[in-house]
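Undergrad: no FASTA, just this:
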Ligand code: MD3
Ligand code: FE
């Protein structure tokens, strides 16, 4: 379903086997070195969702190659298969033409437990306007999709479930968005995940 120009929600894009496979990969990426970390914002706060990155390491608000606010080790590589998955996602959501230019090189993975949330924000640290690909695993969340002008209404709330794909391109690439809540106990019984996990694939646009 098209939520806004360039913003397309594809429920149930990953079947149960592919969800299990992606979860297994995420658990390996979350292990040290360069594993899961608590993100501290420059204002002195901490994000409630914990995070691990591949390819480039994000810290508020820039990208680096080493885990500057973690254990200082190089960030894990971004695997080719994940880039292929991203291009297939864009082709399915926006069509084959949109997918040809997208060379994904960043994965940012957020782990939500219990009361974790993500406030309304824009993702503006990449230098490419390629679509962002989002894949959800585990508990259902309320995803809030706002507008490009302000952090306030109008916004649209959409439930994202395990296996759902969301692609944000075009006019939606710089829209405000966030996760006001996660609905506990809603993960598929067979998956073996308590809480929620979201994988976003991005094109850095960085050169050199
Ligand atoms: C719209 N993640 O990692 S996914 C993020 O569920 C982030 O963890 C949320 O916002 C999560 O930055 C929301 C949906 C999403 C991801 C990236 C976007 C929506 C987006 C980038 C641009 C516009
Ligand atoms: Fe975001």
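TA: Nice, I can see it. Remember, predicted model here, so these are calculated numbers, not experimental data. Numbers count the residues shown, from 1 in each chain. Ligands and ions are numbered 1, 2, ... in the order given.
Undergrad: can you classify residue 21 by secondary structure?
TA: With DSSP: H, G, I helix; E, B strand; the rest coil as the basis, residue 21 sits in helix.
Undergrad: number of residues surrounding it?
TA: 12 (other CB atoms under 10 Å). Where you see a C-beta, it was placed from the backbone N, CA and C, and this is true even at glycine.
Undergrad: and the pLDDT at it?
TA: On pLDDT, residue 21 comes in at 98.
Undergrad: which SSE is residue 84 in?
TA: helix 80-94 (DSSP states H and E).
Undergrad: contacts for that helix next, please.
TA: Residues outside helix 80-94 that contact it (CB atoms under 8 Å, 6 or more residues apart in numbering) are 6, 8, 10, 13, 54, 98-99, 102-105, 107, 131, 133, 135, 165, 167, 169, 201.
Undergrad: list phi and psi for the closest residue to residue 190 other than its chain neighbours.
TA: Of all residues not flanking residue 190 in the chain, residue 16 sits nearest, at 6.4 Å (CB to CB, 6 or more residues apart in numbering). With angles defined as degrees, to the nearest 10, residue 16 sits at phi -60, psi -40.
Undergrad: low-confidence regions, this protein specifically.
TA: When residues are selected by pLDDT under 70, none of them lie in the chain.
Undergrad: look up how far residue 63 lies from residue 203.
TA: Here residue 203 is placed at a distance of 12 Å from residue 63 (CB to CB, to the nearest Å).
Undergrad: ligand 1 contacts on the chain?
TA: Within reach of ligand 1 by CB under 6 Å from any ligand atom, the chain has these residues: 108, 110, 118, 123, 132, 134, 143, 166, 168, 172-173, 175, 177, 179, 198, 200.
Undergrad: circling back: any of the contacts of helix 80-94 buried? List them.
TA: 6, 8, 13, 54, 98-99, 102, 104-105, 107, 131, 133, 135, 165, 167, 169, 201 (16 or more other CB atoms under 10 Å).
Undergrad: spatially nearest residue to residue 139 (excluding sequence neighbours)?
TA: Going by CB to CB, 6+ apart, residue 139 has residue 196 as its nearest residue, at 4.3 Å.
Undergrad: give the bridge partners for that neighbour, please.
TA: Beta-bridge pairing for residue 196 (DSSP bridges): residue 112, residue 138.
Undergrad: now the common contact residues for residue 203 and residue 63.
TA: Common neighbours of residue 203 and residue 63, using CB under 8 Å, 6+ apart, are 106, 126.
Undergrad: residue 42 contacts residue 60, doesn't it?
TA: Yes - here residue 42 reaches residue 60: they are 5.6 Å apart, a contact under CB atoms under 8 Å.
Undergrad: what's the burial count for residue 92?
TA: As a burial measure, residue 92 scores 15 neighbours (other CB under 10 Å).
Undergrad: how close does it get to ligand 1?
TA: 16 Å (CB to the nearest ligand atom, to the nearest Å).
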